[in-house]
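>>> structure of the sequence below:
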Amino acid sequence: LITVKFNGDELPESPLHLEVVDPMRVRLHGPGVTVAYVNTPAEFFVDLKDAGVGKLDIKILNDKGEAIPLEIWKKDTETKVQYTPTEPGKLKFNVLYNGVLVPDGDATVKVLIPSNANNVKLSGDGLTSGVVGKESEFIADISDSGDGDLGVQIVGADGKIPAELEKIDDGDRKLVIVKYTPNKAGPTLITVKFNGDELPESPLHLEVVDPMRVRLHGPGVTVAYVNTP
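Residues are numbered from 1 along each chain as shown. Modelled structure (predicted):
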């Protein structure tokens, strides 16, 4: 409340009422403030509870500096914002309250391609057989699987077998080479996941052999006679 007088006489428009706001008390929260996925709605919330009554201005710009469409719902002191990116890249937030940038109001959000474990393609001899002490390998083609990480767990007859993963980005193809060395003969299980989702063909079962445990015995191993079996 502002009261203004001149020579003791109050002005006609006095007292004046105004609202003081604190943009630093505005809070952004929700998954859409940190990451988003192509063609998938992302959302976040703006909490104005402790910021006073003011004007909220929200813009989200793509890599070209163009504002993307927003859907906004206001309820009491909280505002829900939803947006749907159409291509991978980065989005830049510009959130102002009464013209002042709020905390995290200039956030940068990475837009990823949604992951799909069903599109991972596996190939290689290391998926079907193994030899004790000999390095085996197989290849996971994740080119059409979106953004994410490959996870591999190999369990043999003697417990877990360490796996080495090497990523190769060959232009349009994204490959992961998986190498492991079996340490004991017997059934072996390979579990493959992409972004935490198991592939349809996983787990894979294979048999590891140990040629060094093969034993030859009998008289024919040491001596033989002409025309005699």
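
>>> give the contact list for Pro103.
24, 26-28 (C-beta atoms under 8 Å, 6 or more residues apart in numbering). For every residue, glycine as well, the C-beta is placed using N, CA and C.

>>> one more time with 10 Å, if that's ok
Contacts for Pro103 (C-beta atoms under 10 Å, 6 or more residues apart in numbering) come out as 23-28, 95.

>>> ditto for Glu78
Glu78 touches 27, 29, 45-49, counting by C-beta under 10 Å, 6+ apart.

>>> please narrow the residues you listed to those residing in strands.
27, 29, 45-47 (DSSP state E).

>>> which one of the residues you listed sits in the busiest neighbourhood?
Val46 (24 neighbours; other C-beta atoms under 10 Å).

>>> tell me the pLDDT of the closest residue in space to Gly89 that isn't next to it in sequence.
Closest residue to Gly89 apart from its sequence neighbours, by C-beta to C-beta, 6 or more residues apart in numbering: Asp63 at 4.5 Å. Per-residue confidence (pLDDT) for Asp63: 90.

>>> gap between Asp63 and Leu91?
8 Å (C-beta to C-beta, to the nearest Å).

>>> next, the closest residue to Asn98 other than its chain neighbours: secondary structure please.
Nearest residue to Asn98, sequence neighbours excluded (C-beta to C-beta, 6+ apart): Gly54, at 4.1 Å. Look at Gly54: counting by DSSP: H, G, I helix; E, B strand; the rest coil, its state is coil.

>>> verify the stated contact: Gly54 with Asp22.
Yes. Taking C-beta atoms under 10 Å as the definition, Gly54 is a contact partner of Asp22 at 8.9 Å.

>>> so what sits against both of the two?
97-98, 100.

>>> which of the residues you listed lies closest to Pro15?
Asn98 (21.5 Å; C-beta to C-beta).

>>> got any ranges where the chain has weak pLDDT?
1-4, 9, 14, 17-18 (pLDDT under 70).

>>> center of it - which residue?
In the chain, the centroid-proximal residue (C-alpha atoms, centre = their mean) is Gly148; its distance is 5.0 Å.

>>> what's the distance between it and Asp22?
From Gly148 to Asp22 the distance is 40 Å (C-beta to C-beta).

>>> and Thr77, by the same measure?
Distance from Thr77 to Asp22, by C-beta to C-beta: 13 Å.

>>> who touches both of those two?
With C-beta under 10 Å, 6+ apart, Thr77 and Asp22 have common neighbours 50-52.

>>> of those residues, buried ones?
Neighbour-count burial (16 or more other C-beta atoms under 10 Å) is assigned, among these, to 51-52.

>>> what's the closest of the shared contacts of Thr77 and Asp22 to Asp144?
The closest of the shared contacts of Thr77 and Asp22, once distances to Asp144 are taken by C-beta to C-beta, is Ala51, at 45.0 Å.

>>> burial count for the residue nearest to that closest one when sequence neighbours are not counted?
Distances taken as C-beta to C-beta, 6+ apart put Arg25 closest to Ala51, at 4.3 Å, once the chain neighbours are dropped. Arg25 is flanked by 15 other residues according to other C-beta under 10 Å.

>>> OK, contacts around Arg25?
Contacts of Arg25 by C-beta under 10 Å, 6+ apart are 47-52, 97, 102-103.

>>> now Lys59
67-68, 70, 92-96, 105.

>>> go with 6 Å
67, 94 (C-beta atoms under 6 Å, 6 or more residues apart in numbering).
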